[in-house]
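**Student:** With the sequence up front, the predicted model follows.
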Amino acid sequence: MDEVLKFFLDHREAIFIIILSIFLGIEVISHVPSVLHTPLMSGANAIHGVVIIGAIIVMGHAHGTLAMIFGFIAVIMGTLNVVGGFVVTDRMLEMFKKKKTKN
């Protein structure tokens, strides 16, 4: 328990910034109109490819098993997010296509 407390005390500035950015993100996203929400989220998910590249770089420089496992999990999660972004975008674009009528 002392190690956890020491970690929080040593990294309190970073933890504070993370908590503030969570609240800021919630505030910003709650004010986005519904019409723009889907295109913005699908674009943000597609940009998540940068996280995949970063995770691959971390895995390449990993010196321990734990870092390798975290890098692998980050690659998997980033890939799922990118694929989900493209699925949402494709589905959104399907809504705007004209439906074929039978003659």
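**Tutor:** Good, I have the coordinates.
**Student:** And the protein, what are its domain boundaries?
**Tutor:** Structural domains assigned to the chain are 1-31, 34-94, following automatic domain parsing.
**Student:** where are the low-confidence patches of the protein?
**Tutor:** Per-residue confidence for the chain (pLDDT under 70) gives these ranges: 37-38, 42-43, 46, 102-103.
**Student:** Going by residue numbers, what spans are helices in this structure?
**Tutor:** Assigned helices in the chain, in chain order: 2-10, 12-30, 34-47, 49-60, 65-95 (criterion: DSSP state H).
**Student:** Tell me which residues of the fourth one come out buried.
**Tutor:** Of all the residues in helix 49-60, those buried under the rule 16 or more other CB atoms under 10 Å are 51-52, 55, 58-59. Every C-beta, even on glycine, is put in place using the N, C-alpha and C of the backbone.
**Student:** Also the longest one?
**Tutor:** Burial within helix 65-95, assessed by neighbour count using 16+ other CB under 10 Å, is assigned to 71, 74-75, 78, 81-82, 85, 88-89.
**Student:** Relative to Ile56, how far out is the residue nearest to Ala55 when sequence neighbours are not counted?
**Tutor:** Nearest non-adjacent residue to Ala55, counting by CB to CB, 6 or more residues apart in numbering: Ala74, 3.6 Å away. Taken as CB to CB, to the nearest Å, the spacing of Ala74 relative to Ile56 amounts to 9 Å.
**Student:** out of the buried residues of helix 65-95, who's nearest Phe8?
**Tutor:** The shortest distance between Phe8 and any of the buried residues of helix 65-95, using CB to CB, involves Ala74 and amounts to 22.8 Å.
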